[in-house]
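Engineer: Sharing a sequence plus its predicted fold:
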Amino acid sequence: RIALPGSAQPQDLCFLPPGARPPDDQRCGAWLAAADFGRPNTLVATDVVLACARAASWLAPRRIAAHRAARATEIAATARIAPGVVIGAGVRIGEHACIAQHAVLEDGVSIGAYSEVGVGSVLRNHASIGNRVRIGSHCAIGEDGLAYLRDGQAWRAMPAFGSAEIGDDAVLLAHTVVQA
């Protein structure tokens, strides 16, 4: 797990933001920092924000792969699936849901009851769609995106990982993109 110094455990990799110094009483298993503070297990990186993003990307696939293996695909008997739909492993489709032609539901996606997914829409990265949600045609839900962090006077783009969650009764118009 990657953690900030205030919430870390001995098995964690502690992310130390640029310009910060580690607290004296911290029990991190390892440090990711912009400078060497003489602590054991310190990884020094010129761009510590990018190094943290890369470390998170290395750790994330193992968690997702374990989640995929634990769940079988479940499609409600009342759900309607059009021709040409691609359904990955561990997908759940609720009662009376309607999936239009050429939609792609990648591994681990969950779609609630009475929801509709439009033609050519792609749902990925374990996206969770609530009940009675309408997703228009050619939408992309759960795309990996970028988070922007302030570093001094400049904004830096840092890759963002995770999954998207759309609550009940939402409407997404055609060509909408929701990043994870």
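Structural biologist: Here it is on my side, so go on. Numbering: from 1, shown residues only.
Engineer: Helices of the chain, residue ranges please.
Structural biologist: 48-69 (DSSP state H).
Engineer: quick one: furthest residue from the center of it?
Structural biologist: In the chain, the residue that sits farthest from the middle, by Cα atoms, centre = their mean, is G38; the gap is 34.3 Å.
Engineer: What distance do you get for that residue to V44?
Structural biologist: 11 Å (Cβ to Cβ, to the nearest Å). To be clear about C-beta, it is placed using only N, CA and C from the backbone, and glycine gets the same treatment.
Engineer: thought Y148 was touching W155?
Structural biologist: Yes - counting by Cβ atoms under 8 Å, Y148 touches W155, with 4.9 Å between them.
Engineer: what residues are up against the closest residue to G145 other than its chain neighbours?
Structural biologist: Leaving aside its chain neighbours, G145 sits nearest to Q179 (3.0 Å; criterion: Cβ to Cβ, 6 or more residues apart in numbering). Applying Cβ atoms under 8 Å, 6 or more residues apart in numbering, we find Q179 in contact with G142, E143, D144, G145, L146, A160, A164.
Engineer: Which single one of those residues is nearest to A20?
Structural biologist: A160 (21.6 Å; Cβ to Cβ).
Engineer: What pLDDT is listed against N125?
Structural biologist: If you check N125, the pLDDT there is 84.
Engineer: got the phi/psi numbers for it?
Structural biologist: phi 50, psi 40 (degrees, to the nearest 10).
Engineer: Please shift the residue numbers so they start at 542 in all later answers.
Structural biologist: Noted, 542 is the first residue going forward, which turns the last one into N666.
Engineer: which ones are touching it?
Structural biologist: Neighbours of N666 in contact, by Cβ under 8 Å, 6+ apart: I605, E647, G649, G683, E684, D685, G703, S704, A705, A721.
Engineer: does G631 really touch G649, like I thought?
Structural biologist: Yes - in this structure, G631 is within contact of G649 by Cβ under 8 Å, at 4.6 Å.
Engineer: which one of these two has more residues nearby?
Structural biologist: G649 (24 against 19; other Cβ atoms under 10 Å).
Engineer: Okay, now the unreliable bits of the protein?
Structural biologist: Scanning the chain for pLDDT under 70 picks out the ranges 542, 545-546, 565-567, 589-591, 594-595, 597-611, 690-693, 697-703.
Engineer: and if we set it to 80?
Structural biologist: For the chain, the stretches with pLDDT under 80 are 542-612, 684-704, 721.
Engineer: Count the residues that sit near A638.
Structural biologist: A638 has 24 nearby residues by other Cβ under 10 Å.
Engineer: now the one 10 residues further on
Structural biologist: Residue neighbour count, defined by other Cβ under 10 Å, stands at 19 for D648.
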